[in-house]
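[1] The amino acid sequence is not available; the structure is as follows:
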Ligand SMILES: NC(=O)c1ccc[n+]([C@@H]2O[C@H](COP(=O)([O-])OP(=O)(O)OC[C@H]3O[C@@H](n4cnc5c(N)ncnc54)[C@H](O)[C@@H]3O)[C@@H](O)[C@H]2O)c1
């Protein structure tokens, strides 16, 4: 078993990382850190963690092989620097960094310390993503030339009700908008998938946004990426998909269009299929996330010294850079009516 500690006991830690680490036969969930003593105590009790620390030094003194970082994005750089200084391998949530310069420093710090730095793009490990990667490389639909990757939802709404029943701005949504909005927060997954499935870097991109709820960053964005292999990816991301309606909808789609067919994943309709000249094959459906698969890969990487399918720090920097610059470009291009 390898000893792992986790920094940041919030939402994604509680539903994604901690349950997997607690149940794992590979990982010994040995320590957790959070500046919020209440959240820390709750997580320590629920997941039976022996060392629960509000002090960073005490956290690392617990003796760790690896660290999972699930703090808010602006804290990632300092968390990574601390983990690298203590010789721990690192799996850091997305977006890895606030911008390219910060991410590059994080990659350098990990390399200088001789530790691995992986970015937590758990979508790669969904059986659906893995199957798509395998089908693309086996040319099941010929040359893949166009990708449509859509995740549009309400991000829990712009408003919630306070104790007195009055509508107040929802802090979780506002916080995500302040950190960069939906492309930086969610679209990084799709940017990573497009590069990984195609095995091809982004040669150039353009972006346009819409301001449905009017935060500083656009809450509905379109990103167009041309890859070096000649394929085009369109990523559409929104936090403003009908939060005001009585029955809000979500749409989560992967569509890969090739010279010999179509691969289509529709999460809401629970459809995963490939259409070729030979016919249509329904494939086993799965959700888009897989934290357990990601931690299996991280454990294997510690043994082999090779990240394998795990997204590297560089993968995290590229997605963070494109998403941030695309958001900034959309803001700069906003019509001043
Ligand atoms: N991979 C996914 O599917 C996925 C899903 C949701 C969120 N995320 C990412 O995970 C990260 C956390 O998101 P969340 O929604 O759980 O946030 P959250 O606000 O619910 O939780 C963050 C936690 O980090 C703690 N924290 C604050 N400062 C810290 C510091 N300096 N060091 C360590 N911990 C600190 C907070 O007290 C809080 O408990 C973000 O980067 C987010 O983008 C990823």
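    That came through fine. Only a predicted model underlies this, so the values are computations on that prediction, with no experimental measurement involved.

[2] Now do whichever strand or helix holds residue 255, average pLDDT.
    Assigned by DSSP states H and E, residue 255 belongs to strand 251-258. Strand 251-258 shows a mean pLDDT of 98.

[3] For stretch 95-111, give the mean pLDDT please.
    Mean per-residue pLDDT for stretch 95-111: 96.

[4] quick revisit: give me the buried positions along the strand holding residue 255.
    252-254, 256-258 (16 or more other Cβ atoms under 10 Å). C-beta: built from backbone N, CA, C; applies to glycine.

[5] Let me see the domain layout of the chain.
    2-115, 124-290+319-332 (automatic domain parsing).

[6] gap between the strand or helix carrying residue 28 and the chain center?
    According to DSSP H and E, residue 28 maps onto strand 27-33. Offset of strand 27-33 from its chain centre (Cα atoms, centre = their mean, to the nearest Å): 22 Å.

[7] who touches it?
    Applying Cβ atoms under 8 Å, 6 or more residues apart in numbering, the external contacts of strand 27-33 come out as 1-9, 18, 21-22, 40, 43-44, 47-54, 56, 59, 62-64, 295, 299.

[8] Any buried residues in the longest helix seen in the chain, and which?
    When the chain is parsed with DSSP state H, its longest helix is helix 313-332. Going by neighbour count (16+ other Cβ under 10 Å), the buried part of helix 313-332 is 313, 315-327, 330.

[9] same thing with stretch 225-235?
    Burial within stretch 225-235, assessed by neighbour count using 16+ other Cβ under 10 Å, is assigned to 225, 227, 231, 233-235.

[10] How about the residues of the stretch 201-337 of the chain by the ligand?
    residue 289 (Cβ under 6 Å from any ligand atom).

[11] any chance you could map the helices in the stretch 201-337 of the chain?
    Here the stretch 201-337 of the chain has its helices, by DSSP state H, counting those that start in this stretch, at 291-304, 313-332.

[12] Isn't residue 251 up against residue 152?
    Yes: contact criterion Cβ atoms under 8 Å: residue 251 and residue 152 qualify, at 5.0 Å.

[13] which residues are common contacts for these two?
    residue 241.
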